[in-house]
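Peer 1: missing the sequence, but the structure's below:
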């Protein structure tokens, strides 16, 4: 008997990057990663694949399935495949979304439940186990799972604040990739005192001020161009930042500033693409599984 499970989780944008202080904030966006899990009883391994990415690193999704199976103390073999609307290695939380979607799909295949925060923590554990994240990205994982805006303490794995907000989002995704595991952590830690200020703003609900301060700090520390941020501010945007450890930039926009920003960013000398989306305020979701 083969058991299947399907689920999706969300991409996200940064408000405060947690690498400097282990405290972060992020918001979910309407870009999804889908996971399909097939398992059956046996002692074989879990094999992973990413649609359209032959040769991609699949350790995270394989490890996530393994951890769910271990949680319920069941021995099974099978496969997991993900497909995504989120550009990989772009700072838009593709890893968090993949782990969350995979965990939910595995639960669906097993016919089991876990508390939402336990699912998130399991995905964080998988990310740390395979080395795709520096802090485990609990903030990104919470945004990807719960939707809306979240503020977290990543070291304590505590969700400090969650809020739903209706806002449009514009994302500039440069063609270059930037893997989180390659980030210069020591340079990020040097700016910790100022990142704490950004985190305090986020705790107060001043998300746009927090993300703009975060953006200038991390662009300087990690060597990214601040020109996309300056163009956003000149367009009337109040909240713009480097997302994660780059290379993407995300901006919260209104109906006036959004079109102006898209026009400005389209003139950048950095090759890349623009995505128009919105904050997504609903949770990640299981999709109906079935026995075969």
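Peer 2: Here it is on my side, so go on. Because the structure is predicted, anything quoted here is derived from the model rather than measured.
Peer 1: What's the first helix or strand after the longest strand seen in the chain?
Peer 2: Secondary structure of the chain read by DSSP state E shows that its longest strand is strand 23-41. The first helix or strand that comes after strand 23-41 along the chain, using DSSP states H and E, is strand 46-50.
Peer 1: returning to that earlier point: pull out the buried positions in the longest strand of the chain.
Peer 2: Applying a neighbour-count criterion of 16 or more other CB atoms under 10 Å, the buried positions in strand 23-41 are 23-39. Glycine gets a C-beta too; all of them are placed from N, C-alpha and C.
Peer 1: Same question for stretch 187-205.
Peer 2: Taking 16+ other CB under 10 Å as the criterion, stretch 187-205 shows 188, 191, 194, 195, 198, 199, 201, 202 as buried.
Peer 1: Could you pull up the residues touching residue 288?
Peer 2: Neighbouring residues of residue 288 by CB atoms under 8 Å, 6 or more residues apart in numbering: 6, 108.
Peer 1: ok, now how distant is it from residue 10?
Peer 2: Plainly put, residue 288 is 19 Å away from residue 10 if you go by CB to CB, to the nearest Å.
Peer 1: ok so, going back, among the buried residues of stretch 187-205, which ones are in helices?
Peer 2: In this view, the buried residues of stretch 187-205 that belong to helices under DSSP state H are 188, 194, 195, 198, 199, 201, 202.
Peer 1: which ones are touching the last one?
Peer 2: Shown here is residue 202, whose contacts under the criterion CB under 8 Å, 6+ apart are 15, 16, 25, 151, 161, 210.
Peer 1: out of the buried residues of stretch 187-205, who's nearest residue 134?
Peer 2: residue 188 (8.7 Å; CB to CB).
Peer 1: looking at it, the closest one is touching residue 221, isn't it?
Peer 2: Yes: using CB atoms under 8 Å, residue 188 makes contact with residue 221 at a distance of 5.4 Å.
Peer 1: anything in contact with each of these two?
Peer 2: Both residue 188 and residue 221 are in contact with residue 20, where contact means CB under 8 Å, 6+ apart.
Peer 1: picking up where we left off before, among the buried residues of stretch 187-205, list the two that are farthest apart in space.
Peer 2: 188 and 201 (18.3 Å).
Peer 1: on that earlier part again, mind checking the pLDDT average for the longest strand of the chain?
Peer 2: Mean pLDDT, strand 23-41: 97.
Peer 1: now it against helix 192-203, angle please.
Peer 2: Here the directions of strand 23-41 and helix 192-203 differ by 80 degrees (axes from the mean of the first three to the mean of the last three CA atoms, to 10 degrees).
Peer 1: How much space separates the residue positioned nearest the centre of the chain from residue 244?
Peer 2: Centroid check for the chain by CA atoms, centre = their mean gives residue 93 as the closest residue, at 2.2 Å. In this structure, residue 93 and residue 244 are 7 Å apart, going by CB to CB.
Peer 1: what do these two both touch?
Peer 2: Counting by CB under 8 Å, 6+ apart, the residues touching both residue 93 and residue 244 are residue 140.
Peer 1: check contacts around the closest residue to residue 236 other than its chain neighbours.
Peer 2: Nearest non-adjacent residue to residue 236, counting by CB to CB, 6 or more residues apart in numbering: residue 257, 3.9 Å away. Residue 257 sits next to 235, 236, 237 when contact means CB under 8 Å, 6+ apart.
Peer 1: Could you do residue 217 as well?
Peer 2: 20, 191, 194, 195, 198.
Peer 1: show me where this structure has strands.
Peer 2: 3-16, 23-41, 46-50, 76-84, 149-153, 158-163, 168-174, 239-242, 249-253, 272-278, 285-291.
Peer 1: could you redo those strands as CSV and give each row distance to residue 101?
Peer 2: Shown next, in CSV, are the strands of the chain (distance: least, CB to CB, whole Å):
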stretch, distance to residue 101
strand 3-16, 4
strand 23-41, 4
strand 46-50, 12
strand 76-84, 7
strand 149-153, 17
strand 158-163, 19
strand 168-174, 20
strand 239-242, 25
strand 249-253, 21
strand 272-278, 18
strand 285-291, 9
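Peer 1: That'll do, ta.
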